[in-house]
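Novice: Have a look; sequence and predicted model below, questions after that.
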Amino acid sequence: MGVTLLTHTPEPEKIIACAAKICYSPSNAEDLLEGLTDEKAKIFIRKLKAMSHETPFEMADFVFGIDGMSKACSQHFSRHRISSQNQKSQRYVDERDFDFYTPDVIKNNKDALEIYNYVISQNNNAYHLILTSLRADESLPIENRDKIALENARYVLPNACDTSLILKMNARELFHFFKLRCCNRALTETRLIADEMLRLVSEKFPVIFEGSGAPCINGSCPEGKMGCGHPRK
Ligand SMILES: Cc1cc2nc3c(=O)[nH]c(=O)nc-3n(C[C@H](O)[C@H](O)[C@H](O)COP(=O)(O)OP(=O)(O)OC[C@H]3O[C@@H](n4cnc5c(N)ncnc54)[C@H](O)[C@@H]3O)c2cc1C
């Protein structure tokens with residue numbers, strides 16, 4: 001699994017602070033932005049967070065590249081509607097001899113791992129065979145036969161199949177995403193990716209992402225009886 005912070009809104013602290021200040025200031029937007037130093041912007045951001053005034057945080061976008069994640073995990077990302085995403089398509093990319101994700105609990109169990117690897121190799125064989133048959137099927141239109149073959153053979157590919165994603169979220173959505181997906185109740189693979197995303201943005205923009213993560217890091221768990229009982233630090 002590889003997570004990269006590909007790009008982000010330049011000087012995100014300043015545009016967040018500027019967006020908030022426009023609510024209360026007679027100045028125009030450009031003057032407000034020019035008048036902001038890094039230090040002033042950071043102080044203002046802390047105030048906004050303390051007041052839970054969150055809309056200005058929508059002004060700052062962060063774009064991540066995520067490689068080597070499973071299809072199962074990518075489905076969790078696609079549930080986050082306040083994001084923009086593009087994912088490797090199995091309708092266009094030939095997945096013969098695909099890479100795949102193996103969860104640690106399976107890696108650590110010899111019997112489970114043997115079955116896992118066997119089923120993956122069977123899936124791969126079935127994919128090869130179906131793809132070859134469809135590519136040779138003269139009843140399919142020659143001009144898009146290859147695409148038809150790929151998009152139909154893909155049905156036998158497993159949830160474990162590797163995929164790649166480019167994901168954009170604004171800071172406000174990231175706060176929400178980290179609350180849900182850095183929680184121990186999230187799928188482990190999803191949590192590891194969310195933790196890495198949080199580490200990357202916190203390293204560059206510690207003031208914006210101060211206090212972000214699973215709710216338990218701030219002392220409360222909304223999960224009730226479903227809680228894991230192991231608050232994160
Ligand atoms: C531990 C865990 C277990 C889960 N289990 C399941 C499961 O078993 N089955 C399942 O289907 N899903 C499951 N999910 C996914 C979950 O239901 C959400 O789809 C996912 O977490 C995205 O959350 P969201 O809708 O709050 O976020 P986003 O889509 O990122 O939206 C962010 C926020 O915007 C607002 N918003 C967005 N769209 C609308 C809208 N149309 N109307 C009103 N407000 C909106 C809401 O305030 C929302 O919280 C699980 C998630 C977690 C973290």
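Specialist: Looks like it came in fine. Values in this document were obtained by computation on a predicted structure and should not be read as measured data. Numbers count the residues shown, from 1 in each chain.
Novice: Alongside the ligand, which residues does the protein contribute?
Specialist: Applying Cβ under 6 Å from any ligand atom, we find that the chain lies next to the ligand at 79, 80, 81, 82, 173, 176, 180, 185, 186. Just so you know, the C-beta spots here come from the backbone N, C-alpha and C atoms, and that holds for glycine as well.
Novice: and with 5 Å instead?
Specialist: 79, 80, 81, 82, 180, 185 (Cβ under 5 Å from any ligand atom).
Novice: Derive a PyMOL selection command for the buried subset of those residues.
Specialist: Applied in PyMOL, the following selects the buried portion of those according to 16 or more other Cβ atoms under 10 Å:
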select buried, resi 80+180
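Novice: Save the residues of the chain next to the ligand as JSON lines, and put in pLDDT too.
Specialist: Shown next, in JSON lines, are those (pLDDT from 0 to 100):
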{"residue": "79", "pLDDT": "97"}
{"residue": "80", "pLDDT": "98"}
{"residue": "81", "pLDDT": "97"}
{"residue": "82", "pLDDT": "97"}
{"residue": "180", "pLDDT": "96"}
{"residue": "185", "pLDDT": "93"}
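Novice: and the residues of the chain next to the ligand, which of them are in helices?
Specialist: Here DSSP state H is the test, and the residues of the chain next to the ligand give residue 180 as lying in helices.
Novice: any idea which of the residues of the chain next to the ligand is closest to residue 106?
Specialist: Of all these, residue 106 sits closest to residue 185, with 20.0 Å by Cβ to Cβ.
Novice: close enough to count as contact, the closest one and residue 226?
Specialist: Yes: applying Cβ atoms under 8 Å as the test, residue 185 and residue 226 come out as touching, 6.6 Å apart.
Novice: What is the helix or strand of the chain with the lowest mean pLDDT packed up against?
Specialist: Lowest by mean pLDDT, DSSP states H and E among the helices and strands of the chain is helix 29-34, with a mean of 90. Packed against helix 29-34 by the contact rule (3 or more Cβ pairs under 8 Å, 6 or more residues apart in numbering; DSSP states H and E) you find helix 12-21.
Novice: Now do the phi/psi pair for residue 6.
Specialist: Taking degrees, to the nearest 10, you get phi -70, psi -40 for the backbone angles of residue 6.
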